[in-house]
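K.L.:
coords please:
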Amino acid sequence: KKMYFYLIEKIILYLFILLPISIIVGVTVSSIFILIICLLFLFFSYKNNYWKWVKEKYIKLFFFLYFYLILNTFIAENFSHSISRNFGFLRYIIFIAAIQYLLSKEKNIKILVNSWLIILSIFCVDIYFEFFFGQNLLGFKHNYHLRIVSFFKDEPVAGAYLNCFF
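P.N.:
Numbering: from 1, shown residues only. Next up, the predicted model:
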């Protein structure tokens, strides 16, 4: 049974490691990664009776904000749009708790930092390659005169992507 929970922790860690790549692939993929991380973390919490994360001050604050958003949904002009947007906020609360749990182990921090450094280094090499040769490492050319798109193919957001990590 212990090995089963170890496997869940590893899957969460690997999904989190691959999160920068999933963002490049697209919003749908990164949203699916986040959803899977949240569901696995909730399952892990339920099976291990690990609910101390709910008692953290910042999590309580986020839950308060979440319930406030839900209450505002009932007075919103467009209920269906508001409920779908506000209901989805819950996944970010669980995602933050999953990250906090994951980073509570020093070995996970080392693995994550090293993995993200490799991913971001490849991304930076691709940016310089595209700057000098007009196409990225995969051969994609772009239609933006002074903008780098890198692995994003048709979106000039490479700088914003890097900025989010720094």
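
K.L.:
List the buried residues in the helix ranked longest in the chain.
P.N.:
In the chain, assigned by DSSP state H, the helix with the most residues is helix 106-133. Across helix 106-133, burial judged by 16 or more other C-beta atoms under 10 Å covers Asn108, Ile111, Leu112, Ser115, Ile119, Phe123, Asp126, Ile127, Phe129, Glu130. (Glycine included, C-beta is placed from N, CA and C.)

K.L.:
Over to stretch 35-51?
P.N.:
Neighbour-count burial for stretch 35-51 flags Ile37, Cys38, Leu40, Phe41, Phe44, Ser45 (criterion: 16+ other C-beta under 10 Å).

K.L.:
do the same with stretch 151-166
P.N.:
Here stretch 151-166 shows Phe151, Phe152, Glu155, Val157, Ala158, Tyr161 as buried, counting by 16+ other C-beta under 10 Å.

K.L.:
Show me which of those residues is closest to Tyr58.
P.N.:
Nearest to Tyr58, judged by C-beta to C-beta, of the buried residues of stretch 151-166 is Tyr161 at 26.0 Å.

K.L.:
Identify the residue spatially nearest to that closest one, adjacent ones excluded.
P.N.:
Take Tyr161 and drop its neighbours on the chain: the residue closest to it by C-beta to C-beta, 6 or more residues apart in numbering is Ile23, 6.9 Å away.

K.L.:
and the next element down the chain from the helix or strand that contains the one you found?
P.N.:
Ile23 is part of helix 19-25, with elements assigned from DSSP states H and E. As assigned by DSSP H and E, the chain's next helix or strand after helix 19-25 is helix 27-48.

K.L.:
And that next one, how far out from the chain middle?
P.N.:
From the chain centre to the centre of helix 27-48 is a distance of 11 Å (C-alpha atoms, centre = their mean, to the nearest Å).

K.L.:
do you know how far the nearest residue to Ile24 once chain neighbours are set aside is from Ile23?
P.N.:
Closest residue to Ile24 apart from its sequence neighbours, by C-beta to C-beta, 6+ apart: Phe151 at 4.8 Å. Per C-beta to C-beta, to the nearest Å, Phe151 is found 10 Å from Ile23.
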